[in-house]
Every structure is written in C-alpha cells, then in structure tokens.
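> Could you work out the structure for the sequence below:
(one chain, ligands or ions: 1)
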Amino acid sequence: MATETLLEEVKGLMADLVADPAPVKEAPYHAAHITSFGHACLCVGFVCMFLSSCYFIKQAMSRSRKDRTFEMLTFFITAIATLAYLVMAAGHGFIRNRTRQPLYYARYIDWLLTTPLMIWDVLELAGVGGYQIFITVTLDALMILSGLVGGLLIRHQVRWGFFLFGMVFFAYVVHDLSVHMSSNKFGSAAQQVYCKVVRLTIVMWTFYPIAWVLTEGTDLLGANSAALLYTILDVISKCVFGIIIVSNRAALDAVYNTKEGYDQVQADGGKL
Ligand code: RET
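Numbering: from 1, shown residues only. Just a heads-up that it's a prediction; the model follows:
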C-alpha cells in the first residue's frame, strides 16, 4: 500500500514536471524610458553636434593639409558625438538596469573616444610633449571606464568604489591640464586660448560626476532629466570648446608657424 502511494506521488511529480513550467517571474523594475521630451533633447544634441562638425570641417578644409591638426581633431570630437546622439535619438545604445533610467552605454563609448581627443587638442595648444599627453589621456580613459563600470553595477554598493576611482583619475587630469596654464611656448595668443579652454573644461567636466551621482549613482533624476542634463553638458563641453579653439586663428597660426620653424631648423641642421 505504501509502495502504491509512493508510486502515485512520483507519478504526480512527473506529470507536474511535464506540464507547463511555472511562469518565470520578471524581476520588477520601474518601467522607464525617455518620453518625447527626452527624445527631443537627444535630437537637439544631434543637431548641435552635426552643425558644429560641419563648421569645423569647413574650417579644416580652408587650411593647408599640414596646418589643420586642431581643426581636424575638433571635427573628430563632434563627429563621433554626432553618431552617438543619432544612435540614442533612434532609440538604441542603452541597456535597462532596473533603475528609473536606461543606462546609455553609447554615451560612454562617445566619451571614451572623444575626451582623450579633447585633452590631446588642448594640450597640443600648450606644446606639451607626446609622453605627457599619453599619460593624461590614459588617466582620462580610466576615469570614463570607472564611471561606466560603476553605472553597470547599479544594484551593488561597489559602484561607489568605481566612482571614487573615477574621481581620483579626474583629479589627476585636472592637475595635468592646469599646470600648463603658465606655459608660453607658442606666444600669448595661444596661451590665452589655452587658459580659456582649460577653465571651461575644468568647470564643465566637474558637472559630470555630479550628474552621474544624481542619475546612474542614486537614481534621483529620471530618464528625461538625465537626457536634458547630459545634452546641455555635452553641447557646451564639445561645441563651445571647439568653437573657442577653431575660431582663434591667430593662436593656431602661432602654433603652426612655430612648429614649422622647428621643422625648418631641424631640416637645416640635417643638411649641415
Ligand atoms: C564619471 C563618473 C566617474 C567619476 C567621474 C566622471 C567624469 C566624467 C567626465 C566626462 C566628460 C565628458 C565629456 C563629454 C562631452 O561630450 C565618468 C561621470 C569624474 C568628466 C566632456
């Protein structure tokens, strides 16, 4: 009798297993995505980056091939951002991480590629050597990667560890940019532009970790506010930054001419 009951129970269990599996419960998340307002912000970001790119490439083409380093660098910066904004405005380039906002990894890919170019662009104005540029650019890349990993680990407190590492790298970048403010290698016009751009960069870049804390960090702001905030920051940091550099022809000419002078001296020296 006991064996029969046992058999019945096993049969019942087998039948349960074959029947429909229990529905997998979706982990709850605050369904969140940008609305038409957030979408409009991303579209505005795309238009600003696109128009700035057109201006920068036009300026680059108006110069001789060897004298367009700044114009081309500045063009690449906004051209990459144009693509990133297009991807985001088209509704891609994000993952859901169960917070009030999607995590736009497209933003981080953009920053990872463009902030090193921005640092290169600006340090070139002060005549900083290749090795120092490489160090500052690498610290900058580590800063962005820390923010991305922290954003991905949103449900874990260790994200604040990554944020702190990001802040340390940021402090080094700020330090490396500010030490060259007194450098007058290419004359006062270039120095003035350098100081102006570095001040703008330091002030604007300081808002990014604040925005990160309010969005990815603590989830205080929603998806639309994040889109608005980052669009304003990106447009000022990239477009205004680029316009200041590219429109200061006198400063750029001083850099190009001084470099040509060095090349000439080296070439003459080689002949002797
Ligand atoms: C993160 C979080 C980790 C700590 C710090 C950050 C700083 C990011 C910065 C981004 C700058 C982006 C720019 C984009 C232009 O389009 C990664 C947010 C310090 C400074 C200039």
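> And the residue of the stretch 51-200 of the chain that's closest to the ligand?
Distances between the stretch 51-200 of the chain and the ligand by Cβ to the nearest ligand atom are smallest at Gly147, namely 2.3 Å. All C-beta atoms are positioned from the backbone trio N, CA, C, and that covers glycine.
> and that residue, what pLDDT?
If you check Gly147, the pLDDT there is 96.
> To which secondary structure element is the nearest residue to it once chain neighbours are set aside assigned?
Nearest residue to Gly147, sequence neighbours excluded (Cβ to Cβ, 6 or more residues apart in numbering): Gly166, at 5.0 Å. Per DSSP states H and E: Gly166 is located in helix 159-178.
> what comes into contact with that helix?
By Cβ atoms under 8 Å, 6 or more residues apart in numbering, the residues outside helix 159-178 that reach it are 119, 122-123, 132, 135-136, 139-140, 142-144, 146-147, 149-151, 153, 198, 201-202, 205, 209, 212-213, 216-217.
> mind listing what's buried in that helix?
Buried residues in helix 159-178, counting neighbours by 16 or more other Cβ atoms under 10 Å, are found at Arg159, Phe162, Phe163, Phe165, Gly166, Phe169, Phe170, Tyr172, Val173, Asp176, Leu177.
> Enumerate the residues of the stretch 151-272 of the chain near the ligand.
Residues of the stretch 151-272 of the chain lying close to the ligand by Cβ under 6 Å from any ligand atom are Phe163, Gly166, Met167, Phe170, Trp205, Tyr208, Pro209, Trp212, Asp234, Ser237, Lys238.
> For the second one, give me the pLDDT.
What that stands for is Gly166. pLDDT, Gly166: 98.
> can you check the one 4 residues further on too?
Reading off the confidence values, Phe170 has pLDDT 98.
> ditto for Val265
Confidence score, pLDDT, at Val265: 61.
> if we can go back for a sec, centre of the chain versus the helix holding Gly166, how much separation?
Averaging C-alpha positions (Cα atoms, centre = their mean, to the nearest Å) puts helix 159-178 14 Å from its chain's average.
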